[in-house]
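*Asks:* the amino acid sequence is not available; the structure is as follows:
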């Protein structure tokens, strides 16, 4: 269950990171409420996952899911660069996430 919690935490991290773009510096009410809510949910699930997953592994995977997911959604939603070098770096992050999962209890 800890790994499921960690994936959920990572997905909510993507949500709040994307939500930050829509808050416009926390000047828009509903996007700000959404972002703060998803931050809280993400941290809750991360805290549950870290009860059994080592902190270094859990935190790295949580941020990795957030970084790669946010970068991919940035390409899709905000027309950010999809250069091969950028996509290669995202692939390296995902490879690291998988490697950490495979080598952790």
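*Replies:* Alright, I've got the coordinates. Note that the structure is predicted; figures quoted are calculated from it, not measured. Residues are numbered from 1 along each chain as shown.
*Asks:* so who does residue 35 touch?
*Replies:* 16, 19, 20, 22, 23, 26 (CB atoms under 8 Å, 6 or more residues apart in numbering). Heads up, the C-betas are built off the backbone N, CA and C, glycines and all.
*Asks:* what comes up buried for the helix or strand hosting it?
*Replies:* With secondary structure defined by DSSP states H and E, residue 35 is part of helix 29-49. Buried residues in helix 29-49, counted by 16 or more other CB atoms under 10 Å: 31, 32, 34, 35, 38, 39, 41, 42, 45, 46, 48, 49.
*Asks:* what sits against residue 66?
*Replies:* Contacts for residue 66 were tallied using CB under 8 Å, 6+ apart; they are 10, 13, 14, 17.
*Asks:* what subset of these is buried?
*Replies:* With neighbours counted by 16+ other CB under 10 Å, the contacts of residue 66 contain buried members at 10, 13, 14, 17.
*Asks:* residue 11 contacts residue 62, doesn't it?
*Replies:* No: checked against CB atoms under 8 Å, the pair residue 11 and residue 62 is beyond contact range at 10.2 Å.
*Asks:* pick out whichever of these two has more residues nearby.
*Replies:* residue 62 (24 against 16; other CB atoms under 10 Å).
*Asks:* without its sequence neighbours, what residue ends up closest to the residue sitting nearest the centre point of the chain?
*Replies:* Of all residues in the chain, the one closest to the mean position by CA atoms, centre = their mean is residue 66, 1.7 Å from it. The shortest distance from residue 66 to any residue other than its chain neighbours is 3.5 Å, reached at residue 13 (CB to CB, 6 or more residues apart in numbering).
*Asks:* the one you found and residue 83: what is the separation?
*Replies:* 24 Å (CB to CB, to the nearest Å).
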